[in-house]
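S.K.: Sequence and predicted model, in that order:
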Amino acid sequence: MWSALEPSEKEIYETQAAKERERVAKDTQRLKDAGILPLKKVNSGQEHDIEGAVIFPVARIRKICKLDPDVKGMSKESAMLITKATELFCTKLGKEIVTIAQLQNRRKLMPEDTVNVCEMKEKFMFLKKDIVDLRNEQVEANKKENSKKTSSKDLGESSGYGGKSMMSYFGKAANN
């Protein structure tokens, strides 16, 4: 179709393409100057290192996505998009959790802070049930761990300073 066009018609499209390339270059430069687009140039000068644009491991996010039986395959771009969206979401959630802790004049973040954010902030309410369940599991795990510490202190297995014994960090290796 392109070869069938008259030169005057081609010139219109070429002019539009040049304007679009110029607009994209300006927008890209503006984003780089603002620090929003930290992409590095690669060998050809046309490609970008999109791996440097995210902090979370893309391969791990891809594996998590593939745990869904409906996901058959995933392009690199979609994995990057999901990874970046996850980072942004976690950043926003983290800031809200810090705000809750600061309102209570604490510097230490507690699991209850996450629950409070999910209960109070409408955009995080979809997590409420899962977060409450997770917190309850952690409370149960802490109770079990505390009961084990109490029984190990009775047996003299503790490290002596109220923490875990050194061997508990090695798991199965300690038993061999």
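M.R.: Yes, it's here.
S.K.: Please enumerate residues in contact with stretch 106-117?
M.R.: Under the criterion Cβ atoms under 8 Å, 6 or more residues apart in numbering, residues 93, 96-98, 100-101, 124, 128, 131-132, 134-135, 138 lie in contact with stretch 106-117. C-beta here means a position set from N, CA and C on the backbone, and glycine is covered the same way.
S.K.: For it, C-alpha coordinates in PDB please.
M.R.: Output in PDB follows, covering the C-alpha atoms of stretch 106-117 (Å, rounded to 0.1, in the frame of the first residue of the first chain):
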ATOM      1  CA  ARG A 106       6.000   5.000  66.900                       C
ATOM      2  CA  ARG A 107       8.900   4.400  64.600                       C
ATOM      3  CA  LYS A 108       8.500   0.700  64.600                       C
ATOM      4  CA  LEU A 109       6.000  -0.800  62.100                       C
ATOM      5  CA  MET A 110       3.600  -3.400  63.500                       C
ATOM      6  CA  PRO A 111       1.400  -5.900  61.700                       C
ATOM      7  CA  GLU A 112      -1.600  -4.100  63.200                       C
ATOM      8  CA  ASP A 113      -0.600  -1.000  61.200                       C
ATOM      9  CA  THR A 114      -1.100  -2.900  58.000                       C
ATOM     10  CA  VAL A 115      -4.500  -4.100  59.200                       C
ATOM     11  CA  ASN A 116      -5.500  -0.600  60.200                       C
ATOM     12  CA  VAL A 117      -4.600   0.700  56.700                       C
END
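S.K.: That stretch: which residues count as buried?
M.R.: 111, 113-117 (16 or more other Cβ atoms under 10 Å).
S.K.: now stretch 66-77
M.R.: Across stretch 66-77, burial judged by 16+ other Cβ under 10 Å covers no residue at all.
S.K.: what distance separates it from the centre of its chain?
M.R.: 17 Å (Cα atoms, centre = their mean, to the nearest Å).
S.K.: End to end on it, go ahead and measure it.
M.R.: Stretch 66-77 has an end-to-end distance of 15 Å (Cα to Cα, to the nearest Å).
S.K.: re earlier: export the buried residues of stretch 106-117 to JSON lines and tack on distance to G35, secondary structure and pLDDT?
M.R.: Formatted as JSON lines, the buried residues of stretch 106-117 follow (distance: Cβ to Cβ, whole Å; DSSP: H, G, I helix; E, B strand; the rest coil; pLDDT from 0 to 100):
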{"residue": "P111", "distance to G35": "33", "secondary structure": "helix", "pLDDT": "84"}
{"residue": "D113", "distance to G35": "29", "secondary structure": "helix", "pLDDT": "88"}
{"residue": "T114", "distance to G35": "28", "secondary structure": "helix", "pLDDT": "88"}
{"residue": "V115", "distance to G35": "33", "secondary structure": "helix", "pLDDT": "88"}
{"residue": "N116", "distance to G35": "31", "secondary structure": "helix", "pLDDT": "89"}
{"residue": "V117", "distance to G35": "27", "secondary structure": "helix", "pLDDT": "90"}
